[in-house]
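>>> Next one to model:
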Amino acid sequence: MRHSSFLAISALGLMSGTSGALAGGYIAPVADPVVAAPVRESASASDWAGGYVGGHIGYAFGGDDEVGADIYEDDAFLGSLSDLTTLKVKGLGAGVHLGYRWQRGNWVFGPELTLEGGDISDDKSGSDSVDGDDYTVGIESKVNHIVGLQFKTGYAVNPQTLVYGTAGYVRGDFDYILSASVNGDGGSITEGYTADGYSLGLGVERKIRDNLSVFAEWQYRNFGKTEITFTEGSDAIATNATPEHHNVKVGVNFSF
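All right, here's what the predicted structure looks like:
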């Protein structure tokens with residue numbers, strides 16, 4: 001009899017629990033919370049876009065101007081002095097520049113306008129004989145100033161470092177100074193001229209803070225060939241000026 005009562009009580013308890021579950025509706029299983037993995041940011045380039053202004057100092061070297069001369073008297077060609085000497089303009093310079101950059105991903109590009117001046121020159125002398133006369137010719141080539149418009153294209157190798165190449169147009173203002181003597185008698189003449197050319201370069205720029213960066217750059221500048229004629233009365237000496245040279249510079253840029 002006790003055994004039957006225990007079974008009955010157990011059955012009632014089971015039915016009571018089932019009824020409570022049915023009355024309360026479906027209970028969804030509790031799942032562990034899903035934690036999203038953090039998104040790893042790529043090492044994107046800093047913002048190089050916008051305008052900038054700066055200054056630089058540099059050193060020009062490696063000029064190659066082979067000096068020869070054609071001799072005229074009363075418009076009559078007397079002869080040529082060949083391979084008198086070679087001018088290699090060199091010296092310190094400084095300048096200012098203004099530019100603007102656009103950026104697409106890590107690629108950075110834009111124009112830059114530059115004005116430079118300084119003490120860049122060389123002078124040499126040489127001697128030769130023409131038509132029985134002894135000529136001594138001294139030549140000085142001097143760079144007064146250079147204006148350049150170059151296009152720069154670079155790649156940000158890390159957020160603060162930009163490597164770039166340049167190609168552009170340059171216009172130079174020069175003095176060519178001739179001192180000549182014939183059989184020990186002579187003087188000097190200065191001829192100023194301008195010449196157009198092209199430039200090619202490579203550089204690297206490093207940000208110090210958001211609006212300040214420093215850079216180092218190498219540039220090759222070629223101004224082609226310009227004929228310079230020195231006249232004194234009915235006599236004339238003509239030569240070709242080719243003031244090409246290399247230039248290395250360091251400077252600073254301020255972005256705005």
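
>>> going forward, measure contacts and count neighbours with C-alpha atoms only.
Will do.

>>> and V252, what is it in contact with?
Residues in contact with V252 (C-alpha atoms under 8 Å, 6 or more residues apart in numbering) are G54, G55, H56, L212, S213, V214, F215.

>>> Which residue is the nearest non-sequential neighbour of it?
Nearest residue to V252 in three dimensions, chain neighbours excluded: V214, at 4.4 Å (C-alpha to C-alpha, 6 or more residues apart in numbering).

>>> For that neighbour, pull up the helix or strand it's in.
Assigned by DSSP states H and E, V214 belongs to strand 212-222.

>>> Okay, the residue nearest to V252 and T231: tell me how far apart.
Here V214 is placed at a distance of 48 Å from T231 (C-alpha to C-alpha, to the nearest Å).

>>> Which one's more surrounded, those two?
Using other C-alpha atoms under 10 Å as the criterion, V214 and T231 rank with V214 on top: 18 against 14.

>>> show me the contacts for that one.
Counting by C-alpha under 8 Å, 6+ apart, V214 has contacts E205, R206, K207, I208, V250, G251, V252, N253.

>>> rerun at 7 Å
The contact partners of V214, taken as C-alpha atoms under 7 Å, 6 or more residues apart in numbering, are E205, R206, K207, G251, V252, N253.

>>> same question, S82
Listed by C-alpha under 7 Å, 6+ apart, the contact set of S82 reads G68, A69.

>>> Work out for me the element it sits within.
Using DSSP H and E, the element containing S82 is strand 76-87.

>>> Wait, V163 touches K152, no?
No - if you go by C-alpha atoms under 7 Å, V163 and K152 don't touch, sitting 10.0 Å apart.

>>> Relative to E112, how far out is the closest residue to T85 other than its chain neighbours?
Distances taken as C-alpha to C-alpha, 6+ apart place V67 nearest to T85, at 5.3 Å, with adjacent residues excluded. According to C-alpha to C-alpha, V67 and E112 sit 33 Å apart.

>>> And for G63?
For G63, the distance to E112 (C-alpha to C-alpha) stands at 24 Å.

>>> mind listing the helices for the stretch 1-150 of the chain?
2-24 (DSSP state H, counting those that start in this stretch).

>>> remind me which residues of the protein are low pLDDT?
Scanning the chain with the threshold set as pLDDT under 70 gives 1-45, 184.
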